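Participant: 3D model of this:
(one chain, ligands or ions: 1)
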Amino acid sequence: MIRRISLEESGNHAILLYGPQGAGKSELASILAQMWLCTNPTPAGACGECRTCSSLDRGTCADLLTIAPSGPSRMIMNRDITEPSNKKPDDPVPLLDFFRTPPLRARHKVAILFESDRMNGASCNALLKTLEEPPAFAKMILTTDSVGSLPATILSRCLAVACEVPLEKDLLLSFPEATPEEIRFASGAPGRLRTVLDRKDQYDRLLAFAQKLPTRRASEALVVSEEFSGILESFQKVVPGGARAANAEAIDALALYFAREPSCPQGWTQRMIEAHRRIVANGSAGLVLDAMFTALLTR
Ligand SMILES: [Zn+2]
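Facilitator: Okay, the predicted model is just below:
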């Protein structure tokens, strides 16, 4: 379904991915974005090798904009969508500005709006203009677990795609020894599950850490970060491709675990995905993780 959407050039410019938390909407949004951005897509999806695909891996693709709720009220701010009147130098590029110029290198420009139901009325109205008359290169992906909270004007301009949690029983036929947690770390993907099972010691440690994480206090953030660094070291011993690849695998698995954890505090998965991007981009895991755990546990 997603493959058909992405390769159809004439068709949809806005996709709404909706479904319960843990259905993999964020991952699906990333896959779809990469298919739209990749300059050399194959019928199976993005090539994974072109300059755009590698810039996505490094988290430096200028043709991708991601917007997520922020601040204590967890809203998508008006300034995320339009130019604020009192713009500060380190403000993010608003969506309307982003779509003002054609892509630098990618086939399209893609904006992902995570938890798009967290837009206020002014943001919705500003977004509507772009949804109504998008430039030919513009693609938008909205996600929500609360489709009923989005205004009908937005809904009617998006192709809505339902996301459901994949069935574990099919995977268990091929991997009868796998636990539900291991399937979760692998995001239900058979190739990845094989890796998880090969690195059982590392993933067992990661699981024990993940299960305890929601009970940790803000004052423990740096201790928690230190513990996680110990887990990263154990991954570094078995993951080929150096420390960066090992760190990326572990933090990605942690994000996947919480993406399907019903009791996961709101926003955790996105912060982890964001930290994953930063680690892949510059490799200095320590600072990124200290900041991430502080943000996760401060609530
Ligand atoms: Zn590519």
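Participant: wait, doesn't residue 280 sit right on residue 251?
Facilitator: No: in terms of CB atoms under 8 Å, residue 280 does not count as a neighbour of residue 251; the distance is 9.1 Å. Where C-beta positions appear, they are placed from N, C-alpha and C, glycine not excepted.
Participant: more crowded one of those two?
Facilitator: Per other CB atoms under 10 Å, whichever of residue 280 and residue 251 has more neighbours is residue 251, with 27 against 19.
Participant: who touches that one in this structure?
Facilitator: Residue 251 is in contact with 272, 275-276, 279, 289, counting by CB atoms under 8 Å, 6 or more residues apart in numbering.
Participant: list the buried residues of the helix or strand harbouring it.
Facilitator: Secondary structure here is read from DSSP states H and E; on that basis residue 251 sits in helix 242-259. For helix 242-259, a neighbour-count test (16 or more other CB atoms under 10 Å) marks 244, 246-259 as buried.
Participant: which of those sits closest to the ion?
Facilitator: Distance from the ion was checked for each of the buried residues of helix 242-259 by CB to the ion. The minimum falls on residue 248, at 18.6 Å.
Participant: pretty sure residue 216 sits against residue 297.
Facilitator: Yes: using CB under 8 Å, residue 216 is in contact with residue 297, at 5.7 Å.
Participant: the one residue in the stretch 151-299 of the chain that gets nearest to the ion - nearest residue in space that isn't next to it in sequence?
Facilitator: Nearest to the ion in the stretch 151-299 of the chain, going by CB to the ion, is residue 280, at a distance of 16.2 Å. The shortest distance from residue 280 to any non-neighbouring residue, by CB to CB, 6 or more residues apart in numbering, is to residue 248 (5.1 Å).
Participant: one more: residue 299?
Facilitator: residue 265 (6.3 Å).
Participant: check residue 224 too.
Facilitator: residue 293 (4.9 Å).
Participant: doesn't the one you found fall inside a strand?
Facilitator: No: secondary structure of residue 293, determined by DSSP: H, G, I helix; E, B strand; the rest coil: helix, with no strand assignment.
Participant: those strands in this structure, which residues are they?
Facilitator: Per DSSP state E, the chain carries strands over the ranges 14-18, 64-67, 109-113, 138-144, 159-162.
Participant: let me have those in CSV, adding mean neighbour count, mean pLDDT and distance to the ion as columns.
Facilitator: Converted to CSV, the strands of the chain look like this (neighbours: other CB atoms under 10 Å; pLDDT from 0 to 100; distance: least, CB to the ion, whole Å):
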stretch, mean neighbour count, mean pLDDT, distance to the ion
strand 14-18, 23, 93, 19
strand 64-67, 23, 96, 13
strand 109-113, 25, 97, 13
strand 138-144, 24, 95, 15
strand 159-162, 14, 89, 22
